[in-house]
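Asker: Compute the structure for the input listed below.
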Amino acid sequence: MMSTVLITGCSSGFGLESAKRFHEAGWEVIATMRTPQQDLLPPSLRLLALDVTDAASVERAVEAAGPIDVLVNNAGFGAVAPVELTAPETARALFETNVLGTLAMVRAVAPHMRRRRAGVIVNVSSTVTVKTLPLIGVYSASKAAVNAFTASLALEMQPFGVRAHLVLPGRAPQTRFGDNAMPHLRGMDDLDYSPQLQGFVQSVLEDQGPVTHATDVAQAVWRAATDPAAPLRIAAGADAELWMAEAGLA
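Answerer: Okay, the predicted model is just below:
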């Protein structure tokens, strides 16, 4: 029997590559994005509109999807700004999407998995939660929140035959993460913070040293979905593996 995976945030990067990975393996893939663009995906993939911050949108998408064997919560965005300069609306948006949006999908899908006594939930987080970095403090906090409730979720769902995992990517300069984060950049015109910000932005954009590729994340998501022995936290990318090892989590 063919397994079904629903993946959020498939318009680019990790979500798009994960959708392709499962499709190549013969799964039924339900790819979701806020504004559906079928030309981004193989024609045989199901594509649904989904805004994880909209309760009605979540309900419609989950109902249209039907039974889901694996839920991959990938939708999210970042923001670059010193903590004290992070705009309140940016902080709210980060938590609305990264935390509450992920939680909304879990709340919508987990009851069905629990009743069937089977299923896997994979939440894409970040290794910034295991290595403290400046200028992304509020983003890091949102991902740390995802880590915390996923760890509890894994324990809560285990008696019902449902697994929960975290995939932690590292720096991914080839994705649109930087492009999506730049509109929320604050502090470049601040004499104190500007030097830090210029250096940080340059390091994010440079494709030097060990980095994470979208295919690394897709493979980590695949492992979480298909390997019953997979750990709670799975590093995705060469740099992510190094950071996880340094944190004693490898």
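Asker: How about residue 209, nearest residue that isn't a chain neighbour?
Answerer: Of all residues not flanking residue 209 in the chain, residue 239 sits nearest, at 7.2 Å (C-beta to C-beta, 6 or more residues apart in numbering). C-beta here means a position set from N, CA and C on the backbone, and glycine is covered the same way.
Asker: export the helix or strand where the one you found lies as CSV, just CAs?
Answerer: Following DSSP states H and E, one finds residue 239 within helix 238-246. In CSV, the C-alpha atoms belonging to helix 238-246 read as follows (Å, rounded to 0.1, in the frame of the first residue of the first chain):
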residue,chain,number,x,y,z
ALA,A,238,27.9,18.7,7.1
ASP,A,239,28.0,21.9,9.3
ALA,A,240,24.9,20.7,11.2
GLU,A,241,26.6,17.4,12.0
LEU,A,242,29.6,19.3,13.4
TRP,A,243,27.5,21.7,15.5
MET,A,244,25.4,18.8,16.9
ALA,A,245,28.6,16.9,17.8
GLU,A,246,30.0,19.9,19.5
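Asker: quick revisit: neighbours around the residue nearest to residue 209, how many?
Answerer: 20 (other C-beta atoms under 10 Å).
Asker: which residues sit in contact with it?
Answerer: Counting by C-beta atoms under 8 Å, 6 or more residues apart in numbering, residue 239 touches 127, 170-171, 209-212.
Asker: Next: residue 6.
Answerer: Residue 6 sits in contact with 30, 32, 61-62, 65, 68, 70-72, 109, where contact means C-beta under 8 Å, 6+ apart.
Asker: Can you say which two of those residues are spatially most distant?
Answerer: 61 and 70 (15.1 Å; C-beta to C-beta).
Asker: on contacts alone, who are the packing partners of the longest helix belonging to the chain?
Answerer: For the chain, the helix with the greatest residue count under DSSP state H is helix 137-157. Contacts defined by 3 or more C-beta pairs under 8 Å, 6 or more residues apart in numbering; DSSP states H and E place helix 137-157 against helix 88-94, helix 102-116, strand 119-124, strand 162-169.
Asker: Run a quick neighbour tally on residue 122.
Answerer: 26.
Asker: how close does it get to residue 212?
Answerer: Noted for residue 122: a distance of 16 Å to residue 212, by C-beta to C-beta, to the nearest Å.
Asker: follow-up on the earlier one: show me the two of the contacts of residue 239 that sit farthest apart.
Answerer: Taking C-beta to C-beta as the measure, the contacts of residue 239 span a maximum distance of 14.0 Å, between 127 and 209.
Asker: Those two - which one has more neighbours?
Answerer: Taking other C-beta under 10 Å, residue 127 and residue 209 do not tie; residue 127 has more neighbours (27 against 10).
Asker: who has more neighbours, residue 61 and residue 70?
Answerer: Set residue 61 next to residue 70 and count neighbours by other C-beta under 10 Å: residue 70 wins out with 24 against 21.
Asker: if I look at the more buried one, how far off is residue 18?
Answerer: The spacing between residue 70 and residue 18, counted by C-beta to C-beta, is 10 Å.
Asker: Residue 225 now?
Answerer: Separation of residue 225 from residue 18 (C-beta to C-beta): 9 Å.
Asker: Which one of those two is surrounded by more residues?
Answerer: Ranked by neighbour count (other C-beta under 10 Å), residue 225 and residue 18 place residue 18 first, with 30 against 25.
Asker: Report the distance from the helix or strand hosting the more buried one to the chain centre.
Answerer: Using DSSP H and E, the element containing residue 18 is helix 13-24. In terms of C-alpha atoms, centre = their mean, to the nearest Å, the centre of helix 13-24 is set 13 Å apart from its chain centre.
Asker: Now that helix: buried residues?
Answerer: The neighbour-count check on helix 13-24 (16 or more other C-beta atoms under 10 Å) flags 13-23 as buried.
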